[in-house]
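1. compute the structure for the input listed below.
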Amino acid sequence: MEKPLKVDAVLTTPNNEAHVVILKTDETSFLPIWVGASEGNAIKFAMEGIVPPRPLTHDLLKNMLGHLNAVVERVVIASVKGSTYYAELWLQVDGRRVKIDSRPSDAIALALRSQVPIFTTEEVLQVQQIEQLDTILEQFRPKDVGHYDA
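-> Numbers count the residues shown, from 1 in each chain. Model (predicted):
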């Protein structure tokens, strides 16, 4: 069964080389996903409604899909193997549904720009326990949260 997710926060790691996207269910479950700095910033920009003067990669992808009459329907964080998450982009193309494999960071950035829902499976949520979120958050200082590195 799929569960809806919302992007709750994007945290910058102290060394500034990675970000952690905190996804939250309507309940109290969290799903932290480590992403690269540029992907983290792309997600932050979409969350904040920041429109750069030139399109970022995810803006380009959204524009290309629109010109090809492909509509992003939804994103699913579908599985996790080891510490690697796998996502799916679900598109509507010429009246048919198409599933495309994606990195979660790209799928999340595109979902936010396209204003479509993000889901995960119960199995993915079971892999990630709240204790792991506490461990991640212990690494951050208050000044690490909310600083944009564009």
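
2. now the phi/psi pair for residue 75, please.
-> phi -130, psi 140 (degrees, to the nearest 10).

3. if I look at the spatially most central residue of the chain, how far off is residue 25?
-> Of all residues in the chain, the one closest to the mean position by C-alpha atoms, centre = their mean is residue 108, 2.9 Å from it. Separation of residue 108 from residue 25 (C-beta to C-beta, to the nearest Å) stands at 15 Å. (C-beta placed from N, C-alpha, C; glycine too.)

4. ok, back up a step: work out for me the element the residue nearest to the centre of the chain sits within.
-> helix 104-114 (DSSP states H and E).

5. elements contacting that helix?
-> Under the contact definition 3 or more C-beta pairs under 8 Å, 6 or more residues apart in numbering; DSSP states H and E, helix 104-114 sits against strand 18-24, strand 30-36, helix 37-48, helix 57-67, strand 70-81, strand 84-93, strand 118-121.

6. sorry, back to before: the residue nearest to the centre of the chain reaches residue 118, doesn't it?
-> Yes: counting by C-beta atoms under 8 Å, residue 108 touches residue 118, with 6.4 Å between them.

7. shared neighbours, those two?
-> Common contacts of residue 108 and residue 118, defined by C-beta atoms under 8 Å, 6 or more residues apart in numbering, comprise 7, 23, 75.

8. buried only: go through those for me.
-> By neighbour count, with 16 or more other C-beta atoms under 10 Å, those hold 7, 23, 75 as buried.

9. so who does residue 118 touch?
-> Shown in contact with residue 118 (C-beta under 8 Å, 6+ apart): 4, 5, 6, 7, 23, 74, 75, 76, 77, 107, 108, 111.

10. residue 20 contacts residue 14, correct?
-> No: using C-beta under 8 Å, residue 20 is not in contact with residue 14, being 11.2 Å away.

11. ok, the two, which is more surrounded?
-> residue 20 (19 against 12; other C-beta atoms under 10 Å).

12. how near is the more buried one to residue 12?
-> 8 Å.

13. so what sits against both of these two?
-> Common neighbours of residue 20 and residue 12, using C-beta under 8 Å, 6+ apart, are residue 40.

14. cool, thanks, talk later.
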